[in-house]
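S.K.: Structure of the sequence below:
(4 chains)
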Amino acid sequence: MSKVVFETEDEEEVKVDKDWKPRILAFLCNWCSYAGADLAGVSRIQYPATVRVVRVPCTGRINPFFILKALTDGWDGVVVSGCHPGDCHYISGNLVARRRFALLNELLEFFGIEPGRVNFMWASAAEGERFAVLIEKATERVKKLGPNKRFLKKW
Amino acid sequence: MGIEEENQKIEKSIRDIARDLLKNKEVDVIIGYTEGTVPLSTSPIIIRDEKDVDKLVWNNFCYINLAKYLAPRMPQLVDPEKGELKVGIVTKGCVGRALIQLAIEKQINLDNVKIIGIPCNGIVNRRRIEKEIGEKEILEVSVSEDNIIVKGKNFEESFPFSEYINELCKQCKIKSPPKVDSCVGECGEYESVFDEFNDVKEFESKTPDEKWEYINDLLSTCTRCYACREACPMCYCNLCFVDQNKPIWFGKTTDQTEILMFHLIRAMHMAGRCVACGACSSVCPVGIDLNLITRKLEQMVKERYNFTSGIDIDKFPPMMDFEMEDEQEFMLEED
Amino acid sequence: MEQKILLKKDIGKLYNELSKEFKFYAPINEKGYITFRKIENPDNIVLDYLNSKIPPKDVLFPEKDILFEYRYEGKEVIIEEPKNLDEKKIIFGIRPCDAYSFELFANFFSFHGNCKDEIYLTKKENTVLIGIGCNSPRQTCFCTSVGGHPFKKENVDIFLVDLGNKYLVESISERGEAIVKSLSWLGKANDEDKQKAEELSKKAEEMITTQIDPDKIDKILDENFQHPIWSEISESCISCGTCAYLCPTCTCFDVIDENDAYHNRGRRIRIWDTCQSCLYTMETSGHNPRGSKIERCRNRIMHKFSYYPKNYDLTGCVGCGRCVLYCPANNDLRYILKEIEQIES
Amino acid sequence: MTETEKEIIVTGNEKPRIGVFVCHCGVNIAGVIPIEDLVEYAKTLPDVVFATEYKFMCSDVGQTLIKEKIQEQNLNRVIVAACSPRMHEPTFRLVLKEAGLNQFLFEMANIREHSSWVHMKDPEGAYEIAKDHIRLAVNKARELVPLEVQTVEVDPSCLIIGGGIAGMNAALDLATEGYKVYLVEKTPTIGGHMAQLDKTFPTMDCSACILTPRMVDVARNENIELLTYSEVTDVTGYIGNFEVTILKKPHYVDQEKCTGCGVCIDHCPVSVGNEFDLGLATRKAIYIPFPQAVPGQYTIDMDSCIRCGICASPDVCEPEAIVYDDEPEEIKVKVGTIIVATGWDLYDPTELKQYGYGRYPNVITGLQMERLLSSFGPLLGKPVRPSDLKEPHSIAFLQCVGSRNFREGGNKYCSRVCCMYATKQARQYKEKHPDAEIYIFYMDIRAFGKGYEEFYESAGRNYGINYVRGRIAEVREGEDHKIIIRSEDTLLQQPIELEVDMFVLSCGLEPRADADKITSLLRIQRSGDGFFMEAHPKLRPVDTLTEGIFVAGVAQGPKDIPDAVAQAKGAASSAAALMAKGEVEVEPFFAVVSPERCIGCGMCVENCAYGAVELVEDRRFGTIASINQALCKGCGACAGNCRCSAINIKGFTAEQIFEMITGRF
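M.R.: Numbers count the residues shown, from 1 in each chain, chains lettered A, B, ... in the order given. The predicted structure follows:
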């Protein structure tokens, strides 16, 4: 089994196994992306076993805190996924959220957080395959970056 | 016209307007700046009496954003019987923007405010001057012609004015407050403000590692005293996110992660609202210059949503609004 | 005790010897201002300074002070006391006003011996202060009015006087004496040196122009808790707390817990707080007896000039002038005190 | 609750006692993840006092097990680690309720759709994910608080969008049960595509004969308000209380005065292609779609009308029924439920250049063939070639045009009716022209319905229709506008070239071109094929994901008439079930404001899509936001953007999400 060894005694040396699996926290909106993930399941589409899912009613619910807390708390990556623009179950929740994400994403990059650590995407309830493909892509991006160290809270 | 002369002219007009406003009972108090007791400073002052208007000054050390005194509804500005007092306020460009932004956010009623608009020619970057003078005591500072002259015991140094003003002032396009109904001084009209944001773009061309290094170094000395927040005219929450404890989204210590979290979230909260007055940097006790982040905030909302804060009282800030056609280039897509 | 001479070029030598036994803290220039840091390279030490912007209190009373850590092992809770409290430290080049502030600290952290803060006191116990006379006080300084002096030696173990290219070294305490003795290579001071030090001391004292009368202020404060002056004083204040964060005598702190849910561990931390914060003295009920900045500004003055004298017979201010110099709103403490003095009783 | 069971009161202050129930789901989960280990793992988590497993938690036995353990172990939080909460959350909530526990003290860990099924080839990874999902659920469960179910009244009225066979049947069913129905149809008449058909397979009964009486029934029914030539322009509100705005387009003919004499049609000088006959015939600018149209109302097509004024002259229209300045009318209705039955569009084969549609006159679509065959059609049931109006001797049909095409631009799905309608049309022609040569080019024949296989089988055996398995590579036009077809017979494995008089493209069905509009109007979702999506493909085939909105007919996916009718009746029945009860439970997940934190900046007011937030003056806290719970949907757009974190969403509180984030790995 793949393993990450954090040697936290002062110097944090991280040995990364070749098939290290990043741990990614995914915030999925209840109506599109969660259902899309369900559809991927029903269709038995295989994708990397890296995401743990937090269900939220709508991407509009997602406060930047959620994403940043996930990073400081040691998740290697974050995925935020919602309905395509115009398809929001709550009319415009994802549009409100999109502006927030756009700014957060830019600010994170401005602060030097590696691009790809936080991934935003749209996947509808019918797009099980797209969901799987994008998760695979997000996993690849996070994997390339290695374990999350920058924003991780050091004890 | 030299800067000094310009300032004297402005100072005179401030006093004249303030005197008239008080005389005609158009306002109950005037908020302005008065001479500081230490070099490189001025002190905000609240004037209630016509005879005190000569205490009002204008120079290049007026770095506090006076709008701050209206935002948290100062007890001194509320009369137990009359309610909120009518206020005249000495308003440079960024103060004017803050007032408009506060009005949009329903924090102040501009009907009670008389904007004594003045054109600002830039605020001296006192942290930079202190730094360059080093361990010598500055006893006197003045601006004459286009130089800042710093005098102390056994030394006198002069700095070119245009170089030694705040970074934000160098970029500032809104020198006098945007025009609203309650302007009594010199207020300008600003449709949209053109800015190339070359400084931000230059920074952004760096690699993530370089940016990370830079930002970390910049913020490493932050003591989490929140002076930046307190000086900010747009920070007026009852309970700031850093003080919330249910849940505790991030710690209150000076750990690197927590400092970054604080500044990142504060930036998020200021996006589209920050009026680029630079008060946060001017007041920081450890001299952290936040202007780069401020500029980034301005650049994001300008380039994404064509919004400049505090100009148009009828325009919603970007975070209150959305468009179907908003850019979403950052979204992950299938290849 | 015997006075010695340390040549300026020998600072590195001094550091090399003392840093073997002590963690060596000294003023350095960090990002354009002076602050006390643990020294790795003696070339960074800056002794030719007015005063540090950040007071050296953070060496012993840091912004983040871990009180204890805990972790679960099975069902058992294991509490770990902070380590290395008895680590030996030297604070080198501290100004007399800041050294005096540690004496005020000692009062607060032991409260007449009734309530001892072992964490601070242990650290203090193991710290040697090497002070340096203040040759050129700033115009904002007023230490002489509040029980201090630019050349006050009582609060340090070893006292230095800058004589140009050398320092006059005088051991004050026994501990200081021992250290000075161990530095056998120090030169001997002659009468000329001693005399020059005396002159410098006098000259420095003369440079301090601000005079206040803390006793009178204490009395006036007693009778004017509800005076309109508090509203005036607080008017221009923006509650930023810079005064408290840069104050060498401010000791207020907040205690918070940090939990790491996954690793079943956590820690209790003390962080700096300031009476200017709107949450200071906020009660769980939502009521805050110091709800507006009028009360909070008053508290700062009262605490230093009324409560402290009552509790410890000392003025809670060392007159370093930092709050005067760095207040963003230029809410000048000297002027505030002058105005208070003028209140007719 | 039986007598031995007691109600478990949870205030939120007591120590959590969490029970974890892990489901095997047969081999669906257990085949990939070691359930025993998962149970052992769950037991190690803080506050978990009980954990167990069962083969099917959702079964009766499984449910009983949960109920027993809640009582026995005095559980105050329950976690079921099984399938998606979108599947069985309601089921298990009911179990909690029956066991005397507040139903919102429940959380599901999705270890099937999000774990065992998607990581079948990585069992270790699947196990890790399953563990984490249980851990996240336990963390959230600790923060769960009891919530009170809210009920809203359901107005006993239904809006049906689309007046085809599905919409009409749903309308009639609901009206018969006594509910008020607003049937909105875009075109001037109801009937939909079925009105265009000649006979229906496999029984060969006349489409119009079975349809038109139903149309009249709809028009006559007192409970049905027929709104033809109308479109829904706005829908607000929520289940039980939708506010619908409908735009009635102007007919320019006063229905009250019009006697339907038809003189105007004789006099109208404008002639345009008739939509009903797919351009095979013409109509005038003033027209009635077809003689049996309901309502039999004349309409002036203002796009083609030249405003000559002839029809309005008293000589032509004696009752003076023509109203040129007729205005559109906007009406607002309140309904409790909505059924979407918007039907389909025919695939347009013009893009498939190799088949020559639009280039060669004798290439037509299946629906055009239907009109040609119809005895009510322009040629009264005698199909002729469009090029010379002669009866064709040979006809070729091509199946799967625009269906089962995985290339760019094609529809991947099977349209389900083309095999049968082509066979039907071939048989109809053969009946009248026994000598005719008929070829049907197919990939494989799908004759799945009742009587369909027999119908198809007989077409080959008794009617001599030639079924050729193979796709047509290209067609060209030969002499006399004949169509030359090149194909391969894949059964004989040899190329064939064939000359026929007429070539019929059996085009598939597509979602309506304006389905987008409906999607955003009703906030329902569409599946990948573009048809409206059902809430669950098996168990909730007529519900949409928006409560109170149902879907029927081809709007949900291609189907034949019996299926469309069956689904319509199903949708009507589901809608009626809601209205019969008169009230419905809604999840109590709405926003709450902490007044002491709120600064009244009004950001949430702007961000709320439902107008559920307003600023109010509070005596103690000044201007603060206030939530109207009847309007709030609990989306959280306000909470996500609130700088002061003054808004929280019940069921998805900041504390709950915080716990999930921090309870990592």
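S.K.: For the closest residue to chain D within the stretch 101-250 of chain C, what is the enclosing helix or strand?
M.R.: Nearest to chain D, among the residues of the stretch 101-250 of chain C, is C:S239, at 16.5 Å (Cβ to the nearest Cβ). To be clear about C-beta, it is placed using only N, CA and C from the backbone, and glycine gets the same treatment. Per DSSP states H and E: C:S239 is located in neither a helix nor a strand.
S.K.: That one touches B:E230, doesn't it?
M.R.: Yes - judged on Cβ atoms under 8 Å, C:S239 makes contact with B:E230 at a distance of 5.1 Å.
S.K.: what is in contact with these two at once?
M.R.: C:Q276 (Cβ atoms under 8 Å, 6 or more residues apart in numbering or on different chains).
S.K.: Near residue 142, how many other residues are there?
M.R.: No chain was given, so I picked chain A. 26 (other Cβ atoms under 10 Å in any protein chain shown).
S.K.: you looked at the wrong chain, it should be chain B
M.R.: Neighbour tally, B:S142, other Cβ under 10 Å: 14.
S.K.: Any stretches of chain C with poor pLDDT?
M.R.: Along chain C, the model assigns pLDDT under 70 to residues C:1, C:345.
S.K.: again, but for chain A
M.R.: Residues of chain A that meet the cut-off, pLDDT under 70, sit at A:1-18.
S.K.: Which of the helices or strands spans the spatially most central residue of chain A?
M.R.: Geometric centre of chain A, nearest residue: A:V79, 1.6 Å, by Cα atoms, centre = their mean. Using DSSP H and E, A:V79 maps to strand A:77-82.
S.K.: Name the next helix or strand following that strand along the chain.
M.R.: Past strand A:77-82, the next helix or strand by DSSP H and E is helix A:93-110.
S.K.: can you give me the angle that following helix makes with strand A:77-82?
M.R.: 160 degrees (axes from the mean of the first three to the mean of the last three Cα atoms, to 10 degrees).
S.K.: Can I get helix A:93-110 in PDB, CA atoms only?
M.R.: This file holds the C-alpha atoms of helix A:93-110, laid out as PDB (Å, rounded to 0.1, in the frame of the first residue of the first chain):
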ATOM      1  CA  GLY A  93     -26.000  30.100  -6.300                       C
ATOM      2  CA  ASN A  94     -23.200  28.900  -8.500                       C
ATOM      3  CA  LEU A  95     -22.900  32.200 -10.200                       C
ATOM      4  CA  VAL A  96     -22.500  34.000  -6.900                       C
ATOM      5  CA  ALA A  97     -20.000  31.300  -5.900                       C
ATOM      6  CA  ARG A  98     -18.100  31.600  -9.200                       C
ATOM      7  CA  ARG A  99     -17.000  35.200  -8.500                       C
ATOM      8  CA  ARG A 100     -15.900  34.100  -5.000                       C
ATOM      9  CA  PHE A 101     -13.900  31.200  -6.400                       C
ATOM     10  CA  ALA A 102     -12.400  33.300  -9.200                       C
ATOM     11  CA  LEU A 103     -11.100  35.800  -6.600                       C
ATOM     12  CA  LEU A 104     -10.000  33.100  -4.100                       C
ATOM     13  CA  ASN A 105      -8.200  31.200  -6.900                       C
ATOM     14  CA  GLU A 106      -6.400  34.300  -8.000                       C
ATOM     15  CA  LEU A 107      -5.500  35.300  -4.500                       C
ATOM     16  CA  LEU A 108      -4.200  31.800  -3.600                       C
ATOM     17  CA  GLU A 109      -2.000  31.900  -6.600                       C
ATOM     18  CA  PHE A 110      -0.900  35.400  -5.700                       C
END
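S.K.: elements contacting that helix?
M.R.: The contact analysis (3 or more Cβ pairs under 8 Å, 6 or more residues apart in numbering or on different chains; DSSP states H and E) places helix A:93-110 against helix A:64-72, strand A:77-82, strand A:118-122, helix B:198-204, helix B:208-219, helix B:256-270, helix B:291-305, helix D:637-641.
S.K.: Please name the strands paired to the second one in the sheet, noting orientation.
M.R.: Paired neighbours of strand A:77-82 in the sheet (DSSP bridges): strand A:24-29 (parallel), strand A:118-122 (parallel).
S.K.: circling back to that earlier point, and the residue nearest to the centre of chain A, what does it touch?
M.R.: Per Cβ under 8 Å, 6+ apart, neighbours of A:V79: A:I24, A:L25, A:A26, A:F27, A:V51, A:N119, A:F120, A:M121, A:I135, A:A138.
S.K.: Which residue, other than its chain neighbours, is closest to it?
M.R.: The shortest distance from A:V79 to any non-neighbouring residue, by Cβ to Cβ, 6 or more residues apart in numbering or on different chains, is to A:A26 (4.0 Å).
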